[in-house]
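[1] what shape does this take:
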Amino acid sequence: MKATDLPPFPDDVPTHPLLVIDYALIEQRDPEEIERLWTAATKLGFWYLKNHGVDEDVREMFDMGTETMALPMAEKMKFEQGNEGISFGYKAAGTCAIDAAGTVDTAQFINVAKDDALAWPAQAHRAYPSAVNARMTCTIKPFVEKSLAINNTLLDVLNDKLGLPKGTLARLHPREDYSGSETRVLYSPPIVGRQVLSAHTDFGSLSLLYNRLGGLQVLVPGAESWQYVKPIPGHAICNLGDAMSILSAGILRSNLHRVVNPPGLQGTHYRFSLVYFMRPANSVVLRALADSSPLIADAVAHAPDPTMYETGATAIEWFTRRVKMIRVANYKNPETWLATSRGTEQIDLATQIAA
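    Numbers count the residues shown, from 1 in each chain. Okay, the predicted model is just below:
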């Protein structure tokens, strides 16, 4: 279904206003726009991004997702991710736990590794369904390339604001090194009162989300209830993940969010969303870059628990743990789910998930 055929986001639903960042101005290194980005990155870790130049690529990626989801289930299941912490491939509905009680999810999605898209027709990690392969050159690779360019520009700006030596963050996200970076098209049915994705922080560095229907909610620091983030045509919704929070010793925020059924009449439609997740190279150890930045060193010195910024884990270890431990097959009890599948949340997660 075309975006123009979908009902509008309702006006009577509480939403949280995000700052709108103009990517064209960020590319030009406009000082005022950089300060607005810094505010968004340090206060909530979410913002809208306009003038990103990928609208047509986004439409093609939605088409790829539609074609993939239309494949017979038997065909898709040949490429299911499995229960060992592999994120690339097809994820069937009902395979992940969305809360500490072990409630199963209702979403299916296809994840394509950045490394596989760039290596095509060679295979970096795994094989994919036929509908993905048919679009790898004309659709997926161009989208990945443009997403990398956007994220690298944002990383460079944040690198300088953190007082890091030029290129520090870029060197932790090299194009040629294998990583957990991937693109995802998610597909979920309209089920009123059900979460689509659990309350979580993102695994990696930067996420670019494109959605036609509502459903994304954020838990703003200090708030007692979830608020929707309204989708705006032509705007991506960007957010920071665990890696950036750890590397910056909490200066950059990886905020809690979840996905629920869209509000109002939008909730009667199947929901597609598209995300590009940028993550550090697999070998990068997740620790605060205090030795490279006085600003980060000061943040570590004043942190209530500085040890949380010395994880001892590589990016691939952090990523694999979180992917593996939300799988229903690995669920044991609420305590282990909370202890093993979560990220850098700075709240009582059990209480907030119940809210």
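[2] where does this protein have low pLDDT?
    Residue ranges of the chain with pLDDT under 70: 1-4, 192-194, 345-355.
[3] and the longest helix seen in it, what does it pack onto?
    Using DSSP state H, we find that the single longest helix of the chain is helix 141-161. Contact partners of helix 141-161 among helices and strands, from 3 or more Cβ pairs under 8 Å, 6 or more residues apart in numbering; DSSP states H and E: helix 23-27, helix 31-43, helix 55-69, helix 114-119, helix 168-172, strand 182-188, strand 206-211, strand 271-278. Yep, even glycine has a C-beta here, placed from its N, CA and C like the rest.
[4] dump the longest one to PDB, restricted to CA.
    Provided in PDB are the C-alpha atoms of helix 55-69 (Å, rounded to 0.1, in the frame of the first residue of the first chain):
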ATOM      1  CA  ASP A  55      13.200   9.200  -0.300                       C
ATOM      2  CA  GLU A  56      13.300   7.200  -3.500                       C
ATOM      3  CA  ASP A  57      15.700   4.600  -2.000                       C
ATOM      4  CA  VAL A  58      13.300   4.300   0.900                       C
ATOM      5  CA  ARG A  59      10.400   3.600  -1.400                       C
ATOM      6  CA  GLU A  60      12.400   0.900  -3.200                       C
ATOM      7  CA  MET A  61      13.400  -0.700   0.100                       C
ATOM      8  CA  PHE A  62       9.800  -0.900   1.200                       C
ATOM      9  CA  ASP A  63       9.000  -2.600  -2.100                       C
ATOM     10  CA  MET A  64      11.800  -5.100  -1.300                       C
ATOM     11  CA  GLY A  65      10.300  -5.800   2.100                       C
ATOM     12  CA  THR A  66       6.900  -6.300   0.600                       C
ATOM     13  CA  GLU A  67       8.200  -8.800  -1.900                       C
ATOM     14  CA  THR A  68      10.200 -10.700   0.700                       C
ATOM     15  CA  MET A  69       7.300 -11.000   3.100                       C
END
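[5] ok, and the closest non-adjacent residue to Gln227?
    His16 (4.0 Å; Cβ to Cβ, 6 or more residues apart in numbering).
[6] next, the contact list for that neighbour, please.
    Going by Cβ atoms under 8 Å, 6 or more residues apart in numbering, His16 touches Val218, Val220, Gln227, Tyr228, Val229.
[7] now a ChimeraX select for only the buried ones of those.
    Restricted to buried positions by 16 or more other Cβ atoms under 10 Å, the ChimeraX selection for these reads:
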select :218,227,228,229
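[8] so what's the residue nearest the centre of the chain up against?
    The residue lying closest to the centre of the chain (Cα atoms, centre = their mean) is Ser207, at 4.1 Å. Neighbouring residues of Ser207 by Cβ under 8 Å, 6+ apart: Cys238, Asn239, Leu240, Gly241, Val275, Tyr276, Phe277, Met278.
[9] now do the contacts for the fifth one.
    I take that to be Val275. Val275 touches Thr183, Arg184, Leu186, Ser207, Leu208, Leu209, Tyr210, counting by Cβ under 8 Å, 6+ apart.
[10] near the first one, how many other residues are there?
    Read that as Thr183. Applying other Cβ atoms under 10 Å, we find 22 residues neighbouring Thr183.
[11] could you do the third one as well?
    If you count neighbours by other Cβ under 10 Å, Leu186 ends up with 23.
[12] tell me what it is bridged to.
    Going by DSSP bridges, Leu186 is paired in beta bridges with Phe109, Ser273.
[13] pretty sure it contacts Leu216?
    No. Proximity of Leu186 to Leu216 does not meet the contact threshold set by Cβ atoms under 8 Å, at 11.0 Å.
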